[in-house]
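A.B. asks: Need coordinates for the below:
(one chain, ligands or ions: 1)
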Amino acid sequence: MQQVIIHNTHTSPLTISKLHKVWCEITGTCSCTAIRTVTYDYDRNPASKTAGERLPRPINRLVCDSFMVRGRTKSDPLPEAVLQLPDVEGARAARRIRIIRI
Ligand SMILES: [Zn+2]
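C.D. replies: From the prediction side, this is the model:
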């Protein structure tokens, strides 16, 4: 996989989220953090004693990793997949960054 460097040409830092659906699927490595949290759902089973009540249900969520490129600095070499992340696409469209192919 080709690598690129992100040059943040602005003075403000740029935070880039490594979205699971984009980053992890392209790179084949999940860099997300799995967290276990609780959601509350109505019990929709009419045969249940608690039907209609809101019950806690544990769920596993993935929180994606992110990284920052400080203002007027360059990132370390990154997989080309970074170009498909929405934060990078937005920053390119706004001409906030320059992509260096290595
Ligand atoms: Zn992931």
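A.B. asks: The longest helix belonging to the chain: how far from the chain's middle?
C.D. replies: What stands out as the longest helix in the chain, according to DSSP state H, is helix 86-93. Going by C-alpha atoms, centre = their mean, to the nearest Å, the spacing between the C-alpha centre of helix 86-93 and its chain's C-alpha centre is 13 Å.
A.B. asks: residues in the chain within reach of the ion, list them.
C.D. replies: Contact residues (C-beta under 5 Å from the ion) of the chain with the ion: 20, 24, 30, 32. Quick note: C-beta positions are derived from backbone N, CA and C, even for glycine.
A.B. asks: Quick check: the last one vs residue 40, distance?
C.D. replies: When distances are taken as C-beta to C-beta, to the nearest Å, residue 32 and residue 40 turn out to be 24 Å apart.
A.B. asks: ditto for the third one
C.D. replies: Spatial separation of residue 30 from residue 40 under the definition C-beta to C-beta is 27 Å.
A.B. asks: quick one, which of these two is more surrounded?
C.D. replies: Neighbour comparison, residue 30 and residue 40: the larger count goes to residue 30, with 15 against 9 (by other C-beta atoms under 10 Å).
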